[in-house]
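1. Just the structure for this:
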Amino acid sequence: MKRILFIFLLFPMLLSMSSCKLFKRPTVEKIHDVKLLKLGVDNTELEITISVNNPNSYQLKLDKLNIELLSKEREKIGAAALQKTVVIPKRKSNALTFKVTLDTRRTAKMVSLSNQSVYFYISGTGHGKALLFGKNFDFEQPYELNLKKHLQELIPRFDAGGENIFKLKRSYVKELGITKAEMAVDFVLLNPYGFTFNLKGFPAEVWLGDT
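-> From the prediction side, this is the model:
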C-alpha cells in the first residue's frame, strides 16, 4: 500500500520535471521596425516594434519585457517596458510595440554625417510562463535608423518651443507693374534641435497665375 502511495505521489513530480525540461523559453525573432514619431527641441520619440516567438505547443503568457536603447559606447539612451501581460498562442509570434523617449541633443551627437543615420543597440530582458513554469530570456540586436528618410516626413510638422520653425518676419511688394507684381517674403528659420540642416533652393521664386 505504501509503495503504491509512493508511486502515486512520485508520478506528478516526474511529470512536472519532464514538462519543465520540455518548456522552451520565448525568443525575440527580430526588430520589425523603428519609427521616428516626433522630433522636439528637448525630446525625440521613437516607436519600436519587436516580434516575440512562442516555440511551445501551448500558449504562453509574456508578463515582463523591458527594453533599453544603448549607444555605440554602451551607454543607456532610452528605455521602455511592457505595460500588461500578453498571451502568445502556441508556436506563434506576436508583434509588440513600445514608445521610447530620447534626449534630442544627445541623440544628435550620435548621428553619422556620412550617411545621416543613427546606430544603436536594442537590448532587453523578459519573462514568459506557461502552465506552472516560467523562464527568463534576454536579447540584443544592433539597429541603424535612417534619419534622412524620417526627417523628410517630419519637417513640415517641426516646431520650436510651440512655434513653427519657419517664422515670418515681413512680406512686402517689391515690384508692381502692369504685367506683373513681385512680392518678397522675409522669414527666420529656427533650428534648436542640435542637428545640422542644409537649406537648398533659396531664395526661391513662386509664380502665381491668374491672380
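2. Is Y58 in a helix, a strand, or coil?
-> Following DSSP: H, G, I helix; E, B strand; the rest coil, we place Y58 in the coil state.
3. dump the residue contacts of it.
-> Neighbour list for Y58: 90, 130-131 [criterion: CB atoms under 8 Å, 6 or more residues apart in numbering]. In this view, the C-beta of every residue, glycine as well, is placed from N, C-alpha and C.
4. Next, work out how far apart it and K35 are.
-> 33 Å (CB to CB, to the nearest Å).
5. Please apply the same query to D186.
-> D186 is 35 Å from K35, by CB to CB.
6. Mind checking which of these two has more residues around it?
-> K35 (14 against 9; other CB atoms under 10 Å).
7. Now name the helix or strand holding the more buried one.
-> strand 27-39 (DSSP states H and E).
8. Quick one: mean pLDDT for that strand?
-> The average pLDDT within strand 27-39 is 88.
9. Next, the buried residues of that strand.
-> 27-28, 31, 34, 36, 38-39 (16 or more other CB atoms under 10 Å).
10. Over to stretch 64-77?
-> Buried residues in stretch 64-77 (16+ other CB under 10 Å): 64-65, 67-71, 77.
11. Kindly report the same for stretch 40-49.
-> Within stretch 40-49, judged by 16+ other CB under 10 Å, the buried ones are 41, 44-46, 48.
12. what does it contact?
-> Contacts with stretch 40-49, where a contact means CB under 8 Å, 6+ apart, come from 31-38, 67, 69, 78, 80, 95-105, 107, 122, 145, 159-161, 192-193.
13. give me the low-pLDDT residue ranges for this protein?
-> Counting by pLDDT under 70, the chain contains low-confidence residues at 1-21, 113, 151-169, 171-183, 185, 187-211.
14. Mind doing that once more with 90?
-> Applying pLDDT under 90 to the chain picks out residues 1-24, 32, 36-44, 103-118, 130-134, 145-211.
15. if you go through it in chain order, where are the helices?
-> Listed in chain order, the helices of the chain (DSSP state H) span 2-22, 104-108, 147-154.
16. Thank you kindly, that will do.
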